[in-house]
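K.L.:
Need coordinates for the below:
(chains A and B)
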Amino acid sequence: MEMKHMNPPLPSEGEGLGVRVPADWCRCDGTGGLDERAVWSRRAVMAAGVSWLASRSALAQATFAQDKQDRNVVVVVFLRGGADGLHLVTPYFEDAYYRGRPALATRAPSDRRGGPRCVDLDGRFGLHPTLAPLLPAWADGELGIVHAVGSGDSTHSHFEAMATMERGLTNQSDLASGGWLARHLESQAGTSVPLRAVAWGYTMPESLSGAASATLVETLSDFRLRAPRGDVRERLAHLYQTGGDQLSEAGAQTLGVLQTLEKLDPKEYKPENGADYPKTPTGQAMKEVAFLVRQRVGLEVACLDSGGWDSHVNQAYLDQQMGDLAKTLAALRQDLGREMSRVTVVVQSEFGRRVEENSGLGTDHGAGGVFFAMGGGVAGGKVYGDWPGIGPDQRTGPGDLRITTDYRTVLAEILEKRLGSGAVPDVFPALDSKRLGLFRA
Amino acid sequence: MSLSRRQALGVLGGSALALAGCDGVARGVRRLEHRPARPPRPGQEQDARFLNRFGFGPRPGDVAAIGDKGRGAWLEEQLAPKPEEPLDLQMMVRRLDIEQLGPWDLRDWKREAVLAQMQQKAILMATYSPWQLRERMVDFWTNHFNIYAGKGLAAYRKPLDEREVVRKHALGKFPDMVRASAHSTAMLVFLDQQNSTAAHPNENYARELLELHTLGVHGGYTQKDVMEVARCLTGWDEERGFLRKKGSFVFRPELHDDGEKTVLGHRIPAGGGESDGDRVIEIVTSHPATAKFIAQKLCRYFLGDAGPEAEPDVARAYRETGGDIPSMVRAVAAHSAAVAGPPVVKRPFDYMVSALRAVDAQTDGGAALQKHLAAMGQPLYQWPMPDGFPDKTRAWTGSLLGRWNFAFDLVSGALDRTAVDIGSLLKESALDAAGCVYGMAKGSPALARVRETVAGLSAEESVAVALAAPEFQWR
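P.N.:
Got it, this is the predicted structure:
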């Protein structure tokens, strides 16, 4: 759908604004009966549309005056719970890996004994077989991996480590307000559109906290207001547009997003090139990311979560998580095709896991982990980062993979090269200028 | 819950109604007694606020009532709840299977059914129990000792945890609650404790016991302490034996590490067996960092940004009383910020329950409401991490659409098994829509904005907009 016009056309029945108008909204017989709902009338819909549009404020006007440029998009996928980097991307040349994980280890590519074998990447590291859907991107040089990456947080606490990473700090005593993505968005003032930053989930991720322009959705398709008629919406909009509290700002933002989305139809989105997104929350959220990318509504930052990576026990279940992740990323790439040139996906997790397995066929909280970067702007086909080794005397803390790459250098480079930010010092104060060269401008 | 003589008589008279409510075209909870709702007096804004903070907001008549007895007397009454609950509430809750069956019997049910009944109970109790402060504390402790019902068999263990850990100790002694939680198989299963053996202690529960339940992440413990606590707790497990009460707590000496340990500088001698874990709980619950951490969380929950001001008093109350929860709550309520401080954002559960109470809704707390809770971002018992639903404002700014849709659905009668009668409500309360929703007298200056905005709308629409307004999102 192209949106060249400054003002949207008036809606016709059953589309456009999509205001559902019960015929007799106010009749309430006290039983919660449902028989009188959802009766449509062309006149009611038209009336709602007209008054809703007439009420548009300056804020709402800005909604439609958006730039139609091919904006670059960054998609952040956060693996919640501390993903086991050694399991995802295995250093199969390390004897220490096989000694530390007699039960859980993935075999080397050339090992012909039974059990899952990893897929060779560069003669040293191998991708877990469930991540195989990522191999085409690797082969095309559009998938890069950073190993032994992490933050300076040493608490081994999910919450501290996540907060540190999402706020873009080295540890929790650093001072910087809000999340790293929020600081980036705020540093590029004047370019805000309603769907500039979208997070899929139940609560706003810490990385976007403090960003007035961020929107949280469970799914885009369900992002609809069931207000009875336009006049009532108008009153509600008035309350949020004139309120002075923190929620009023968010409410006005939400109303702007509603107006934009009412002109789109995410439910009907058909992925291209035969792409098949997994029927999982992450997969379906990614499908909606692709939809927004194609719609060119000004999306710049998308945040997705993938849960269940805290594998203390029976780590074999991770096969499912990894499969979901890989299929989701592969589907995005297949679907978007050439559009992938302006999309960069970064996959991160708050920490990796300990080198040695525990008695429950799982692994405990560790330090260094693995990040993935995928997209047309990625200098891929390479495992980045200095490998510190995992021998007993090379580990840190209670037996963790040592961190050799500050995770902020990866995120900073995305901002510089992919989002053209000149304000990285505002986003990551005191970060040095060392970069991996993982991204291309 | 026990029945008083009068209530027992009421059962006979009201049973036809109550049964109809159970099985018929469900009409939600029926009130057997009709409560004449007196309107609030001018100047009672702080009373309304107090009820929003220390309960789930006023039902019609509540503000006038607390005005009569005074906030202090109301609080004392609430700090010592009696076992009785209104009959209609008892009828609704007692017939839930999760109330009747232990973890060992629930296993035959579908996880979704258990989860739905748990949520139903939470909504019903918070909406209809007169012991509002206890319900507030149940909400607080449920999140403090959060258990994700989606993990393993935790859903089947959680109803017992809700009764025997959270509800039982909500206004008791904190160390007792920690002890009960450490014996709760819902918690042990959630945090992988059942796999912790002498050869390979699992640190998951040990870490969260220190980090989230007691000392706090900056409470002065080290990774070494975590590992030592894990050793102390090896063998704390759940029963899995044939014909045994599966899912009950059991200590397995053969899995326990009986060597000497050192926790936070305290030596725990070898051979302590099960008592090692008890000793750990003693050490951490009597630690000053725990007093500070619990005070901090309680203050943030009740007072939001003004929390730090009251924290020292509350921490002192913990230290002086050995973690007596009523003493801590009293210290929170005594602070001026309790009625005069900055507002605290309502989480979706707060929002939903306070809306149901404000319009005196009749509901069964069932699927229709639960679906809305999920859409607003707070599907109960389904926060996957052990830290509980967030209490920061920023975490909830994105959930407004879900709240608006709930307000409109509630008032328009679109929710299955939930009903409101706005006409009678306004007539009986002798208030306008805004006054009724917020529990404030006609002409209260706090409501000027909302009042002007809804002018000219129908009564139902006015109530819906008042519930959806920014003002109603705060407590």
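
K.L.:
can you list the domains in chain A?
P.N.:
Domain ranges of chain A: A:1-54, A:73-427, per automatic domain parsing.

K.L.:
where does the stretch 101-250 of chain A dip in pLDDT?
P.N.:
Low-confidence segments of the stretch 101-250 of chain A, defined by pLDDT under 70: A:172-175, A:189-191, A:228.

K.L.:
Strands of chain A, start to end?
P.N.:
Applying DSSP state E to chain A gives strands spanning A:73-79, A:89-91, A:119-120, A:125-127, A:143-150, A:197-200, A:214-217, A:301-306, A:343-349, A:369-375, A:383-384, A:405-406.

K.L.:
ranges for the helices of chain A?
P.N.:
For chain A, applying DSSP state H gives helices covering A:42-54, A:58-64, A:85-88, A:95-100, A:135-139, A:158-167, A:180-187, A:230-242, A:246-262, A:281-295, A:318-336, A:407-413, A:424-427.

K.L.:
quick check: mean pLDDT across the fourth one?
P.N.:
For helix A:95-100, the per-residue pLDDT values average out at 97.

K.L.:
ok, the residue of the stretch 51-200 of chain B found nearest chain A - how many residues close by?
P.N.:
Here the stretch 51-200 of chain B gets closest to chain A at one residue, B:His200, 2.7 Å apart by C-beta to the nearest C-beta. C-beta coordinates here come from the backbone N, C-alpha and C atoms, glycine included. Using other C-beta atoms under 10 Å in any protein chain shown, B:His200 has 17 neighbouring residues.

K.L.:
Tell me where the stretch 201-350 of chain B has helices.
P.N.:
Secondary structure of the stretch 201-350 of chain B by DSSP state H, counting those that start in this stretch: the helices cover B:204-208, B:223-232, B:275-285, B:288-303, B:307-321, B:325-334, B:337-340, B:348-358.

K.L.:
contacting residues for B:Ala469?
P.N.:
Residues near B:Ala469 by C-beta atoms under 8 Å, 6 or more residues apart in numbering or on different chains: A:236, A:239, B:449-450, B:453.

K.L.:
follow-up on the earlier one: so which of the helices of the stretch 201-350 of chain B comes closest to A:Tyr384?
P.N.:
Among these, the nearest to A:Tyr384 by C-beta to C-beta is helix B:223-232 (28.4 Å).

K.L.:
Just give me the residue right at the centre of chain B.
P.N.:
The residue lying closest to the centre of chain B (C-alpha atoms, centre = their mean) is B:Asp139, at 1.4 Å.

K.L.:
Spit out the contact partners of it.
P.N.:
Neighbouring residues of B:Asp139 by C-beta under 8 Å, 6+ apart: B:126, B:349-350.

K.L.:
for the host helix or strand of it, the distance to its chain's centre please.
P.N.:
For B:Asp139, the host element (DSSP states H and E) is helix B:132-144. Centroid displacement of helix B:132-144 relative to its chain, using C-alpha atoms, centre = their mean, to the nearest Å, is 3 Å.

K.L.:
what do you get for stretch B:261-281?
P.N.:
Counting by C-alpha atoms, centre = their mean, stretch B:261-281 comes out at 32 Å from the chain centroid.

K.L.:
now stretch B:446-453
P.N.:
Relative to its chain's centre, stretch B:446-453 lies at 31 Å (C-alpha atoms, centre = their mean).

K.L.:
And the pLDDT for the residue of the stretch 201-350 of chain B found nearest chain A?
P.N.:
Nearest residue of the stretch 201-350 of chain B to chain A, counting by C-beta to the nearest C-beta: B:Asn204, 4.8 Å away. pLDDT for B:Asn204: 92.

K.L.:
repeat for B:Gly377
P.N.:
Here the pLDDT value assigned to B:Gly377 is 89.

K.L.:
I figured it was touching B:Ser399, is that so?
P.N.:
Yes. B:Gly377 is within contact range of B:Ser399, at 4.3 Å (criterion: C-beta atoms under 8 Å).

K.L.:
sorry, back to before: for the residue of the stretch 51-200 of chain B closest to chain A, which residues are in contact?
P.N.:
A:358-360.

K.L.:
Can you tell me which residues in the stretch 251-400 of chain A are near chain B?
P.N.:
Listed as neighbours of chain B in the stretch 251-400 of chain A under the rule C-beta under 8 Å from any C-beta of the partner chain: A:251, A:254, A:258, A:307-308, A:310, A:312-313, A:358-360, A:362, A:364-365, A:397-398.

K.L.:
May I ask which of those residues has the most neighbours?
P.N.:
Neighbour counts for those (other C-beta under 10 Å) peak at A:Asp364, which has 28 neighbours.

K.L.:
contacting residues for that residue?
P.N.:
Each residue near A:Asp364 by C-beta under 8 Å, 6+ apart is listed here: A:312, A:353-354, A:358, A:398, B:202-204.

K.L.:
What about A:Arg113, how many residues nearby?
P.N.:
By other C-beta under 10 Å, the residues close to A:Arg113 number 7.

K.L.:
ok, it - contacts?
P.N.:
By C-beta under 8 Å, 6+ apart, A:Arg113 lies in contact with A:Arg107.

K.L.:
In the stretch 151-300 of chain B, what residue spans correspond to strands?
P.N.:
Assigned by DSSP state E, counting those that start in this stretch, the stretch 151-300 of chain B shows strands spanning B:236-238, B:249-251, B:261-263, B:266-268.

K.L.:
Quick check: chain neighbours aside, which residue is closest to residue 361?
P.N.:
With no chain named, the answer covers chain A. In this structure, A:Leu361 finds its nearest non-sequential neighbour in A:Asn314, 5.2 Å apart by C-beta to C-beta, 6 or more residues apart in numbering or on different chains.

K.L.:
you looked at the wrong chain, it should be chain B
P.N.:
Nearest one to B:Ala361, counting by C-beta to C-beta, 6+ apart, is B:Val420 at 4.8 Å.

K.L.:
got it, and B:Pro58?
P.N.:
B:Gly439 (3.9 Å).

K.L.:
Look up the pLDDT of that neighbour for me, please.
P.N.:
Reading off the model, B:Gly439 has pLDDT 96.

K.L.:
can you check B:Gly398 too?
P.N.:
77.

K.L.:
before we move on, what about the one 10 residues further on?
P.N.:
The per-residue pLDDT reported for B:Phe408 equals 96.

K.L.:
Show me what the helix or strand where it lies is packed up against.
P.N.:
Element membership for B:Phe408 (DSSP H and E) is helix B:400-412. Secondary-structure packing of helix B:400-412 (3 or more C-beta pairs under 8 Å, 6 or more residues apart in numbering or on different chains; DSSP states H and E): helix A:230-242, helix A:246-262, helix B:348-358, helix B:367-376, helix B:459-468.

K.L.:
what do you get if the cut-off is 6 Å, keeping everything else the same?
P.N.:
Counting contacts by 3 or more C-beta pairs under 6 Å, 6 or more residues apart in numbering or on different chains; DSSP states H and E, helix B:400-412 packs against helix A:246-262, helix B:367-376, helix B:459-468.

K.L.:
what angle separates the last one from helix B:400-412?
P.N.:
Between the axis of helix B:459-468 and that of helix B:400-412 there is an angle of 150 degrees, by axes from the mean of the first three to the mean of the last three C-alpha atoms, to 10 degrees.

K.L.:
how far is helix B:459-468 from where the chain is centred?
P.N.:
Between the centre of helix B:459-468 and the centre of its chain there are 27 Å (C-alpha atoms, centre = their mean).

K.L.:
residues in the stretch 51-200 of chain A within reach of chain B, list them.
P.N.:
In this structure, the stretch 51-200 of chain A approaches chain B at residues A:155, A:157, A:159-160, judged by C-beta under 6 Å from any C-beta of the partner chain.

K.L.:
so which of the residues you listed is the most crowded?
P.N.:
A:Ser157 leads these on contacts (other C-beta under 10 Å) with 23 neighbours.

K.L.:
what residues are up against that one?
P.N.:
For A:Ser157, the contact set (C-beta atoms under 6 Å, 6 or more residues apart in numbering or on different chains) comprises B:211, B:217.

K.L.:
Phi, psi for it please.
P.N.:
Main-chain torsions, A:Ser157, degrees, to the nearest 10: phi -100, psi 130.
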